[in-house]
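**Q** Sequence first, then the predicted structure, then my questions.
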Amino acid sequence: MSTETKKFADPAAVASGFAADFADWFATQGQEKITIALSGGSTPKLLFELWGNEYAEKIDWSRIHFFWGDERCVDPDDSDSNYGVAKALFLDKVQIPAENVHRVLGEADPDEERLRYENEIYGHVDIDDNAVPEFDLIILGMGTDGHTASIFPHQSQFLKSPQVCEVAIHPETAQKRITLTGPVLNRGKKVAFLITGADKADVLAQVIKKEGDSDNFPASHVEATDLTFYLDEAVAANL
Ligand SMILES: O=C1O[C@H](COP(=O)(O)O)[C@@H](O)[C@H](O)[C@H]1O
């Protein structure tokens, strides 16, 4: 297992640093089809803008199949939709076949969609001996409460769920979400956290140092074999 921490001056530098590493990693991938789970929220927006502009012609996007680590149960054109954000900033700007974009149907019944999405994942992603999907790359974020994907502290049972996806509930808004579970996050062949902002510095230090309340933060339970934290100076202040 290798865990690396990379620090950058600000959120824009985090996005550029990750995008550059991503391009290098992509160049080493021999397989025709590459499976990637994207994160949502505010942090990856700068990355999506870079991919949609500077990297539009630099990557053969047609080899990539995109999935989502989590999605809010809203219409795809709702401003809360993780898919909607990626589509507007990036997917609409690059040459990628529509069939390579595997969005969670946020507008569907969550319990039915959880199962449909699991099948969609099984149709494209390698699995291990225990039928756990192994994405080539999973990009994650972390909330101020230590949640990752949509595994929140009050639903930490999803960290060990035998399912591929679960229906999560946001602790404050009660918004339903579909999330990949802990075993799937941990089986990602490569996992990258992009985390920025002073308001997450305290929690991040506990997550990385495995101190304090770290056990209660879902992000601290991601233990993939190839794990990298891309951080800005503000969030890395207490490391
Ligand atoms: O709700 C979510 O939160 C986390 C962190 O988001 P951020 O806005 O603090 O960057 C994100 O990773 C997840 O995908 C998203 O749905």
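**A** Yes, it's here.

**Q** ok, residue 44 - how many residues close by?
**A** 24 (other Cβ atoms under 10 Å). Heads up, the C-betas are built off the backbone N, CA and C, glycines and all.

**Q** Helices along this structure, start to end?
**A** Here the chain has its helices, by DSSP state H, at 11-27, 45-52, 82-89, 110-122, 182-187, 201-209.

**Q** and of those helices, who's closest to the ligand?
**A** Among the helices of the chain, helix 82-89 comes nearest to the ligand, with 5.5 Å by Cβ to the nearest ligand atom.

**Q** helices or strands up against that closest one?
**A** Using 3 or more Cβ pairs under 8 Å, 6 or more residues apart in numbering; DSSP states H and E, the elements in contact with helix 82-89 are helix 45-52, strand 64-68, strand 70-72.

**Q** Near the ligand, which residues of this protein? Just list them.
**A** Contacts of the chain with the ligand, taken as Cβ under 6 Å from any ligand atom, map to 39-43, 69-70, 82, 140-143, 149-150.

**Q** give the contact list for the closest residue in space to residue 165 that isn't next to it in sequence.
**A** In space, and not counting its chain neighbours, residue 165 is closest to residue 114: 4.6 Å by Cβ to Cβ, 6 or more residues apart in numbering. Residue 114 makes contacts with 163, 165-167, 178, as judged by Cβ atoms under 8 Å, 6 or more residues apart in numbering.

**Q** What of residue 9?
**A** Shown in contact with residue 9 (Cβ under 8 Å, 6+ apart): 232-233.

**Q** Roughly how far does it sit from the ligand?
**A** 18 Å (Cβ to the nearest ligand atom, to the nearest Å).

**Q** Report the separation between that residue and residue 142.
**A** Per Cβ to Cβ, to the nearest Å, residue 9 is found 19 Å from residue 142.

**Q** same question, residue 83
**A** 20 Å.

**Q** More neighbours: these two, which one.
**A** Between residue 83 and residue 142, counting by other Cβ under 10 Å, residue 142 is the more crowded of the two (28 against 24).

**Q** For the ligand, see how far away the residue lying farthest from the centre of the chain is.
**A** Ranked by distance from the centre of the chain (Cα atoms, centre = their mean), the top residue is residue 212, with 24.8 Å. Between residue 212 and the ligand the distance is 20 Å, computed by Cβ to the nearest ligand atom.

**Q** now swap in residue 78 and tell me
**A** For residue 78 relative to the ligand (Cβ to the nearest ligand atom), the value is 13 Å.

**Q** which residues touch that residue?
**A** Residue 78 makes contact with 72, 84, 106, according to Cβ under 8 Å, 6+ apart.

**Q** Name every strand pairing with the helix-or-strand element of the chain with minimal mean pLDDT and say which way it goes.
**A** None of the helices or strands of the chain scores lower by mean pLDDT, DSSP states H and E than strand 2-8, at a mean of 95. Strand 2-8 pairs in its sheet with strand 226-232 (parallel), by DSSP bridges.

**Q** count of residues packed around residue 6?
**A** The number of residues packed near residue 6 is 14, by other Cβ under 10 Å.

**Q** quick one: contacts for it?
**A** Applying Cβ under 8 Å, 6+ apart to residue 6 gives the contacts 17, 228-231.

**Q** Adding pLDDT, write the residues you listed out as JSON lines.
**A** Below are those laid out as JSON lines (pLDDT from 0 to 100):
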{"residue": "17", "pLDDT": "98"}
{"residue": "228", "pLDDT": "98"}
{"residue": "229", "pLDDT": "98"}
{"residue": "230", "pLDDT": "98"}
{"residue": "231", "pLDDT": "98"}
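
**Q** Farthest pair within the residues you listed?
**A** Spatial extent of the contacts of residue 6 (Cβ to Cβ) is set by the pair 17 and 229 at 11.4 Å.
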